[in-house]
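Participant: Provided below are the primary sequence and the corresponding predicted coordinates.
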Amino acid sequence: MAQFIDYKTTGFFNQLVVDYIVGDASLKSFYNYPVSVEGVKAAIEGRKKINTDRKLLVAQLEKQYGSLTTSKKVTANIQLLLKENTFTVCTAHQPNIFTGHLYFVYKILHAVKLAESLKASLPKYDFVPVYYMGSEDADLDELGQVSINGEKYKWETKQTGAVGRMKVDKALLQLITQIDGQLAVQPFGKEIIDLVKSCYKEGITIEQATFQLVNALFAEYGLVILLPDNATLKKAFIPVVEKELKEGFSYKAVTETVAAFPSQYKIQAGGRELNLFYLKDDIRERIIQEGTRFKVQGTSLGFSDKEIVDELNKHPEHFSANVILRPVFQELILPNIAFIGGGSEVAYWLELKKVFEAVNIPLPILIVRNSFLFINNEMKELTQKLGFEATDLFKTTTVLSNELVKRESELQLNLKKEKEQLKELYEQFKTIAGKIDITLSQHTSALQAKTLEKIESLEKKMLREEKKKFEAQQRQLLKLKQRLFPNDSLQERVDNLLPYYAKWGKGFIKTIYDNSLSLEQQFAILTEE
C-alpha cells in the first residue's frame, strides 16, 4: 500500500529543496523550466536548438554493450537515440559497490517511470531513461562501503585514483563472502549473491562490474547505462575543457550565481578557479594554474599553455570534470531534457545556470528524485500496536514517546486548564496591584511568568515519572525508529538493496517501479501487504 506526503512533512529535506518543489519565487531565476508537462515541452524546444552528435553517442553505447547480453528493450532504446524526436531522461550516480544506498534504485526507476509517463503525454516524441555513471569519482570512503541489516561492510584496498578504474581484488571478493553469510538464509539470498559474484570477478574494473550489475537489475525496464569515462566521448568535450583552461569560465559563472543566490540557503558547491582533474592510471588530482604553468596537484606533472592544450587534444581521457563541469559534459553528449537528482544534487545544479549559458547548452528540467520509506509487516504491526499511523513516524522519538504516554496514561499529565485559570487569577492580581502603583502591575507580570515556568517544569516532571510505567512500549518505539530511520536518517540514505532483494527478489524492485511517480515530487510510504 502506498501513501504519498509532501517532502516538507518528513522533516528530512532542507528548505531550499522544499521551496524549489513548491516553485518559490526566490528561486525561479536559477532554472529554465518548471517541473510540469508544459515545462517538458519548453525543454524539448530548447533542446532542439542544440546539435547532439547522436551517431557518436549510439556508436559508443553499442561498443560498450558489445560483449554484454541485455534486453531487446535496451537495444531498441539505444537505436531510438538516433532519431531527432528522441530525448533522454537522465539520472547520475557514482559506481558505489553493490549499488550503494537504496536511493540509487529509486533514482533509476524514477527515470524509467518518467520516460514512460512523458511518452504517454507526448506521443509524438520518444524518451529514453539513462543512468550516467560517475565512475571518475575518487571518494572511496563513500563508494567503497555498504550497510547490510545495520552492519557496515568496507572495502579495504590500497588502490587509488578514480574508483571506476579500480579493479575487483581479493579484499572485495572476501567482502562478498561475508555478506553471503548474512543473506544466504533469505528466500532470494542465493540469487542476489550469485548475481553479485558473476559481476564482481577478480581483475574486472568497478565500472564494468557496476555496469553488469545495473544492467542485470534494470535491463527489463529499458534502462540505458552510459559510461562517460571514454576518450571518444571526451573528444567532444575538448572545446569546453579548453575554454575552462584558458578562461576559468565556470568559476566566474558560479561566483556570479552564488553572489545573487538568496541568503537563506546554504551554498552547495562553490567551485574552484579550474574545475578539472587530471586523470591517468591511479592518479586523479586537481589541475591548478601557477603563473603561466598548469600543474597537477600532489605530483611532479606540469604543462605550459601549449603543452596542456596538446595533451588535451591527444588524450582527452586524461581530463575529468569536477562537480561543476560534470553536468555540462553530461548534457553535451546526451539529448537530455530532464535530470533527476537528490535534494543536494538539485541544489548545486541550481548554481549552474550561468555555467551552461557560457557554453550554449540548455539547463534541463531539474526534478527531485522519488523517495520511499518501506515498512515491512513486522514494523507495520509494531506501529499499529503502539497506536500510531505511518505518517506519525517522521516525528522525533521524544515527541512520539510523549504522545504515547499522554494517550495511554489514566492520569492527568496536562495542566493546560489549570494554567489558564492561573493566568486569569494573575490578571486580577495585576488589576488590583496596578490601582495602587503601576510598577506593581509589572512586578505581578514577572511573578506570573516565574510561576508558569515552575508549573511547566512540574508538567515535565510528571510526564517523566509517568514514562517509567511505559518502558516496554518505549523500547518498542525505539526499535521501530531505529529500524525505519537508522542513525536518525532516512532508510534510503543508509540501507543497501541486497537484503531487500534477498527477502523479496525482483518483486521489491517491481514494487518500487509500480509506485514511482513521474513529475509529482512527493515522498512515498510503502507498507507491506
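Facilitator: Done, it's in.

Participant: ok, residue 383 - contacts?
Facilitator: 375, 389, 390, 393, 480 (CB atoms under 8 Å, 6 or more residues apart in numbering). Where you see a C-beta, it was placed from the backbone N, CA and C, and this is true even at glycine.

Participant: Give the next helix or strand downstream of the host helix or strand of it.
Facilitator: Per DSSP states H and E: residue 383 is located in helix 377-385. Remark: after helix 377-385, the chain's next helix or strand is helix 397-408, criterion DSSP H and E.

Participant: what's the distance between the spatially most central residue of the chain and residue 182?
Facilitator: In the chain, the centroid-proximal residue (CA atoms, centre = their mean) is residue 342; its distance is 3.0 Å. Separation of residue 342 from residue 182 (CB to CB, to the nearest Å): 27 Å.

Participant: Kindly report the same for residue 450.
Facilitator: Taken as CB to CB, the span from residue 450 to residue 182 is 57 Å.

Participant: more neighbours, the two?
Facilitator: Using other CB atoms under 10 Å as the criterion, residue 450 and residue 182 rank with residue 182 on top: 17 against 10.

Participant: Provide the secondary structure category for that one.
Facilitator: helix (DSSP: H, G, I helix; E, B strand; the rest coil).

Participant: Ramachandran angles for the residue nearest to the centre of the chain?
Facilitator: Main-chain torsions, residue 342, degrees, to the nearest 10: phi -70, psi 170.

Participant: quick one, what contacts it?
Facilitator: 103, 107, 368, 369.

Participant: Out of the residues you listed, which sit inside strands?
Facilitator: With strands defined by DSSP state E, the entries of the contacts of residue 342 inside them are residue 368.

Participant: can you put the contacts of residue 342 in TSV and add distance to residue 28, neighbour count and pLDDT?
Facilitator: Formatted as TSV, the contacts of residue 342 follow (distance: CB to CB, whole Å; neighbours: other CB atoms under 10 Å; pLDDT from 0 to 100):
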residue	distance to residue 28	neighbour count	pLDDT
103	27	22	98
107	25	24	98
368	16	23	98
369	21	23	98
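
Participant: Tell me which two of the contacts of residue 342 sit farthest apart.
Facilitator: 103 and 368 (11.3 Å; CB to CB).

Participant: is it true that residue 337 touches residue 86?
Facilitator: No: counting by CB atoms under 8 Å, residue 337 does not reach residue 86; the two are 10.4 Å apart.

Participant: Identify the contacts common to the two.
Facilitator: residue 127.

Participant: When these two are compared, which one has more neighbours?
Facilitator: residue 337 (27 against 17).

Participant: got a list of what that one touches?
Facilitator: Per CB under 8 Å, 6+ apart, neighbours of residue 337: 40, 43, 44, 47, 87, 88, 89, 127, 364, 365.

Participant: I'd like the distance between the residue of the chain positioned farthest from its centre and residue 446.
Facilitator: The centre of the chain is farthest from one residue, residue 436, which by CA atoms, centre = their mean lies 65.6 Å away. Distance, residue 436 to residue 446, by CB to CB: 16 Å.

Participant: quick one on the thing from earlier: neighbour-wise, which of the contacts of residue 383 leads?
Facilitator: residue 375 (23 neighbours).

Participant: Now do that one, the pLDDT please.
Facilitator: Note for residue 375: predicted pLDDT of 96.

Participant: what's the closest non-adjacent residue to it?
Facilitator: Excluding the flanking residues, the one nearest residue 375 by CB to CB, 6 or more residues apart in numbering is residue 527, at 4.7 Å.

Participant: One more: residue 431?
Facilitator: residue 441 (7.9 Å).

Participant: Residue 490 now?
Facilitator: residue 12 (5.3 Å).

Participant: Look up which helix or strand the one you found falls in, please.
Facilitator: For residue 12, there is no host helix or strand (DSSP H and E).

Participant: likewise residue 61?
Facilitator: helix 54-64.

Participant: Over to residue 366?
Facilitator: strand 365-368.

Participant: Paired strands for that strand, with orientation please.
Facilitator: strand 336-341 (parallel) (DSSP bridges).

Participant: pLDDT of the strand it pairs with, averaged?
Facilitator: 98.

Participant: which residues touch the following helix or strand past that strand?
Facilitator: Proceeding N to C from strand 336-341, the next assigned helix or strand is helix 343-349, under DSSP H and E. Helix 343-349 has contacts (CB under 8 Å, 6+ apart) with 13-14, 16-17, 20, 31, 92, 265-266, 268-269, 323, 327, 339, 341, 363, 366-368.

Participant: follow-up on the earlier one: okay if I get the contacts of residue 337 as a markdown table plus secondary structure and pLDDT?
Facilitator: Output for the contacts of residue 337, formatted as a markdown table (DSSP: H, G, I helix; E, B strand; the rest coil; pLDDT from 0 to 100):
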| residue | secondary structure | pLDDT |
| --- | --- | --- |
| 40 | helix | 98 |
| 43 | helix | 98 |
| 44 | helix | 98 |
| 47 | helix | 96 |
| 87 | strand | 98 |
| 88 | strand | 98 |
| 89 | strand | 98 |
| 127 | strand | 98 |
| 364 | coil | 98 |
| 365 | strand | 98 |
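
Participant: Using TSV, lay out these together with neighbour count and distance to residue 430.
Facilitator: TSV is the format used below for the contacts of residue 337 (neighbours: other CB atoms under 10 Å; distance: CB to CB, whole Å):
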residue	neighbour count	distance to residue 430
40	27	63
43	21	64
44	20	68
47	19	69
87	28	70
88	30	70
89	28	66
127	27	70
364	29	63
365	25	60
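
Participant: Would you reformat those as JSON lines and include distance to residue 427?
Facilitator: Shown next, in JSON lines, are these (distance: CB to CB, whole Å):
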{"residue": "40", "distance to residue 427": "60"}
{"residue": "43", "distance to residue 427": "62"}
{"residue": "44", "distance to residue 427": "66"}
{"residue": "47", "distance to residue 427": "67"}
{"residue": "87", "distance to residue 427": "68"}
{"residue": "88", "distance to residue 427": "68"}
{"residue": "89", "distance to residue 427": "63"}
{"residue": "127", "distance to residue 427": "67"}
{"residue": "364", "distance to residue 427": "61"}
{"residue": "365", "distance to residue 427": "58"}
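
Participant: one step back: could you double-check that the residue nearest to residue 375 lies in contact with residue 1?
Facilitator: Yes: between residue 527 and residue 1 there is a contact at 4.7 Å, judged by CB under 8 Å.

Participant: So which of these two has more stuff around it?
Facilitator: Per other CB under 10 Å, whichever of residue 527 and residue 1 has more neighbours is residue 527, with 16 against 11.

Participant: mind listing what the more buried one touches?
Facilitator: With CB under 8 Å, 6+ apart, residue 527 has these contacts: 1, 2, 3, 375, 380, 390.
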